[in-house]
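Chemist: Sequence first, predicted coordinates after that:
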Amino acid sequence: MNTLILKSALALGLISLTFSGFSQCEIQHRLYPDGSMFYYIEPVNFYWTKSKDLKGGIETDKENYYLELQPSPIPAKHEGKKLKDDLELKLANDSVYRLEHFDTRYIDHDTVMQLLYLIDKKKLGDFVNYDVVSVKINLLDSTGIRNYVFKLHKSALREQISCFLKEKENKK
């Protein structure tokens, strides 16, 4: 009986740790060499296979909101700096949005590439209300346009934007 209670408590503890570990509202910040400060929540995994994966999250400079994506594999740095195409994103309301390319950054000695896309302020409400279904990214490599259908953490972007907006409201 005691072992059953102990196993049940352990299982419940692991389940709650799994849920709380993903969707926490831990806002972090990063200062870039140009002096700009960005606030973000740790990127989450949206898509994963043996050949490719996609991580990402929301970043903000407290004025604008950006979708930050980390695709893998990544193009070479000299090719990646040519990436200027906008992103096509589909939400659960079946609407397709184009997000304007903002920046391409290489991090950790070229092992991670971040693509930043500006989220139109007029469309921010849709991003708060609907999960992301898929994104299409043109990485200018042999694979052409990569279509990532979100398999994991579809609600993460919605939750992260809500977290930033809630934090902004609390500071008023």
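Modeler: Now that the structure is in, tell me what you want to look at.

Chemist: for D141, what are its contacts?
Modeler: Residues near D141 by C-beta atoms under 8 Å, 6 or more residues apart in numbering: 75, 79. (C-beta placed from N, C-alpha, C; glycine too.)

Chemist: So which residues of this structure form strands?
Modeler: Using DSSP state E, the strands found in the chain span residues 28-31, 37-40, 44-48, 53-60, 65-72, 87-91, 96-107, 112-119, 132-138, 145-149.

Chemist: Just put those strands in a markdown table and tack on distance to E169 and mean pLDDT.
Modeler: Shown next, in a markdown table, are these (distance: least, C-beta to C-beta, whole Å; pLDDT from 0 to 100):
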| stretch | distance to E169 | mean pLDDT |
| --- | --- | --- |
| strand 28-31 | 19 | 93 |
| strand 37-40 | 15 | 95 |
| strand 44-48 | 23 | 95 |
| strand 53-60 | 14 | 96 |
| strand 65-72 | 15 | 96 |
| strand 87-91 | 23 | 97 |
| strand 96-107 | 24 | 93 |
| strand 112-119 | 18 | 94 |
| strand 132-138 | 23 | 95 |
| strand 145-149 | 31 | 93 |
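
Chemist: Quick check: which of the ones you listed is nearest to E167?
Modeler: Set against E167 and scored by C-beta to C-beta, those come closest in strand 37-40, at 8.7 Å.
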